[in-house]
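# sequence isn't available, so here's the structure alone:
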């Protein structure tokens, strides 16, 4: 099985798992919205776009109580799917990292990393949560009366910028550790893992940053296209538009693949440097 | 003869506008946040009764202590929901008139509002001798206003100052000799006589001043700039001062517009100006000419945001975050248009906002929906990601939250909180008038409002004046609808109770034909004809009765419309045609936005499965599962 075949299988696996997880997450909401009677109208859900969104706001008003009751189960389900979804992510990295592979080895190897990835994700979520909480608490504070308004605004912007950068940095480090975990040969203790990650970051900081900025920018663009396009296509929805939507989503997964490839290349360079 | 009538009307108009005029000199201390003022109030008794006392509104005293009527609610149910950090108040040092010698009349003023020892916003001053009907008095006054940190419209934030309700203002004298005075309630706004304002404001020369009225002349001495503002035929005067303002100016028709804004709000200022270019002539056409030479638009900095979204004669404040326009929101345009429209319903008509807040905020909100719709179409509140949301739709949703809870037409102080007041006075009045517009016709309602605003310009109309104006133009039913909607907790919910459809059976059974009794047996192969029959049952709930349409959707894709008078409590609609009845929808054009539940307006024999909705949710869920890169 070539690396390209393995990557295709990993991308398909990621897409299929996201489709299943997406259906699981969206079905309760779909049922609740249907129960409000959108289907009773001759033009179906298009009624939501009529009269300057009057029916859409009516749906939100009438459905606010049942929708609130859906939030907790959705969060719980979201967490479960998030942790199960670590296997396709591991699969994506395995496909990138493995130089040789046997049929079916991608996901069996990916499953082997599930526990480590879960611990890593919990740690990442805790750190990211702490960053968000701190930024939120700082943003809540009123600027001292003596301060110039521009100083106060500059502080708010700085807090937001620092928090955003920290969130992204923690995400980057998580992916770097994921690649190191999958790519390791022999025993790799936690101190060694941190050391290896530090070496990679130290030797390739600007390249990593540049790659990340480009990939994140394109990803955000695609995400925006999907979000905006989906609402727009609600007016004229066909199977073809659904396929287009899924293609965009696969594009996002391919970007993720590129990102892991860049990390893997950085790790490989680091190993080579050390070996010589 | 015509010229004589005009002269009489003109004389009446001049008298009406000049019952309380203010000539004031104000010095702003930007370190202490105080306004030291002195000047003359020229007052004329235009009532039919001698006056033995005067009533003053000291609105700023609402922030004097934490037990004032305005602040005593511990749950902060006022407009901003904020709590006060420092107190603000007015100290009147002297009130004296040549008519009464050198006596300081203020020394005998009541210490607090009637029956409320903790509140000092409604103060009476007994007079040594009565002011006879038609007589005038010049009151020399000296006072200091201590501005609080901005809480509700007025105060300071850093070096930004906004002075609203900053001077002792005479209560409105009604024709019967009673003063319409009231303590300042957090739900309430204001009410005053028309008069002329001649105000000289001194502030450090590094500060930019903006005020109600026309800038006449400026002089600078020892770093202090004094600017003279004049405003005629108005019932309030506000001003702002800040050393951070940037300025944009433009003439729109005969009106000079001056926009003051923080440097980082340039994009919002440009949007405000663009909205004004369209809205000012549009509103002048609908509700009569804008009466002043100038309009000052103030966009406060974020720290002073509570001064935003407020109206004063010749001056409005807007508000909004600098990035809002980039998110598809038309909030800045909406607030600009809303506050501009107050220039007519608050500024020119000047109803009692404490007793009948809907006459100002409600009519303004309705007018705002129309102007925003005309300017921006279906996406008048938000347009982006393929979605359009209108101001009218937002008002409808907010109005439905408070339907039937309280009377729209009640005094401000009787509302259970500002949320309820917002839902009913702003949104439900707007939705009620939108229902009137769509049911009776847009042109007819526009003509009725034009006639109302022309007839009661500078005249302080009451709810009865408003309803009678509508009745005269639109008829008795429209008047009755308004009375019920505004004063009887008007409510309506139309719903499709049932729907059925089947092939029309061929004639069979027994019936009388002439004098002989005929009989028939069911023909073996003709039990069903090719015709379909159907029936829908519609129920009306509530005390509002309005005519409405019902759309009968057929299997062959065609639609039949039925018009019902809406007077009964229930309606049976029969259908007969070549195609099966598939679904029924009440009010398909949403002519009755007051209808409480829109989703019970339709019923189908076989409801459709909204697949595209599932795909939308699926896409959102997939994005959540994928997370953000990396």
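Nice, thanks for sending it over. Everything numeric in this text was worked out from a predicted model, so none of it was measured.
# only C-alpha atoms for contact and neighbour calcs from this point on.
Will do.
# check whether stretch B:371-382 comes near chain A.
Yes: on the criterion CA under 8 Å from any CA of the partner chain, stretch B:371-382 is in touch with chain A at B:378-379.
# buried sites along that stretch?
Buried positions in stretch B:371-382, judged by neighbour count with 16 or more other CA atoms under 10 Å in any protein chain shown: B:371-373, B:375-382.
# from the residues you listed, which single one is nearest chain A?
Nearest to chain A among those is residue B:378, at 4.7 Å by CA to the nearest CA.
# the closest residue to that closest one other than its chain neighbours and residue B:388, how far apart?
Closest residue in space to residue B:378, ignoring its immediate chain neighbours: residue A:52 at 4.7 Å, by CA to CA, 6 or more residues apart in numbering or on different chains. Residue A:52 sits 5 Å away from residue B:388, going by CA to CA, to the nearest Å.
# kindly state the beta-bridge partners for the closest residue to residue B:263 other than its chain neighbours.
By the measure of CA to CA, 6+ apart, the closest residue to residue B:263 outside its immediate chain neighbours is residue B:246, 5.8 Å from it. Applying DSSP bridges to residue B:246 gives these bridge partners: residue B:261.
# surely residue B:246 touches residue B:260?
Yes: under the criterion of CA atoms under 8 Å, residue B:246 makes contact with residue B:260 at 5.7 Å.
# what about those two, which has more around it?
More neighbours surround residue B:260 than the other of residue B:246 and residue B:260, with 27 against 16 (other CA atoms under 10 Å in any protein chain shown).
# give me the beta-bridge partners of the nearest residue to residue B:61 once chain neighbours are set aside?
Excluding its sequence neighbours, the residue lying closest to residue B:61 (CA to CA, 6+ apart) is residue B:89, at 4.4 Å. Here residue B:89 sits in beta bridges with residue B:146, going by DSSP bridges.
# please look at residue B:89 and residue B:68 and confirm they touch.
No: if you go by CA under 8 Å, residue B:89 and residue B:68 don't touch, sitting 11.2 Å apart.
# what residues do these two have in common as contacts?
Counting by CA atoms under 8 Å, 6 or more residues apart in numbering or on different chains, the common neighbours of residue B:89 and residue B:68 are B:61-62.
# about what we covered before: list residues touching both of residue A:52 and residue B:388?
With CA under 8 Å, 6+ apart as the test, residue A:52 and residue B:388 both reach B:378-379.
# who's in contact with the residue nearest to residue B:263?
Residue B:246 touches B:260-263, counting by CA under 8 Å, 6+ apart.
# now, which of the buried residues of stretch B:371-382 lie within helices?
Assignment to helices by DSSP state H places the following of the buried residues of stretch B:371-382 there: B:371-373, B:375-376.
# include distance to residue B:212 and pLDDT when you put those into TSV, please.
Formatted as TSV, those follow (distance: CA to CA, whole Å; pLDDT from 0 to 100):
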residue	distance to residue B:212	pLDDT
B:371	24	94
B:372	25	95
B:373	29	94
B:375	27	91
B:376	29	91
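# residue ranges for the helices of the stretch 501-630 of chain B, please.
Applying DSSP state H, counting those that start in this stretch to the stretch 501-630 of chain B gives helices spanning B:611-626.
# near chain A, which residues of it are found?
Counting by CA under 8 Å from any CA, the stretch 501-630 of chain B comes close to chain A at B:553, B:583-585, B:590, B:597-600, B:602-604, B:606-610, B:612-623, B:625-626, B:628-630.
# show the buried residues in these.
B:553, B:583-585, B:590, B:597-600, B:602-604, B:607-608, B:610, B:612-623, B:625-626, B:629-630.
# what ranges does the stretch 1-150 of chain A have for its helices?
With DSSP H, counting those that start in this stretch as the criterion, the stretch 1-150 of chain A has helices at A:3-35, A:54-62, A:64-84, A:86-97, A:105-112, A:114-140, A:149-183.
# report the buried residues of the second one.
Think helix A:54-62. Within helix A:54-62, judged by 16+ other CA under 10 Å, the buried ones are A:54-59, A:61-62.
# count of residues packed around residue 219?
Looking at chain A here, since you left the chain open. Applying other CA under 10 Å, we find 22 residues neighbouring residue A:219.
# try again with chain B
11.
# what's the strand or helix carrying it in contact with?
Residue B:219 is part of strand B:214-221, with elements assigned from DSSP states H and E. Contacts to strand B:214-221, defined as CA under 8 Å, 6+ apart, come from residues B:205, B:225-231, B:293-294.
# perfect, that will be all.
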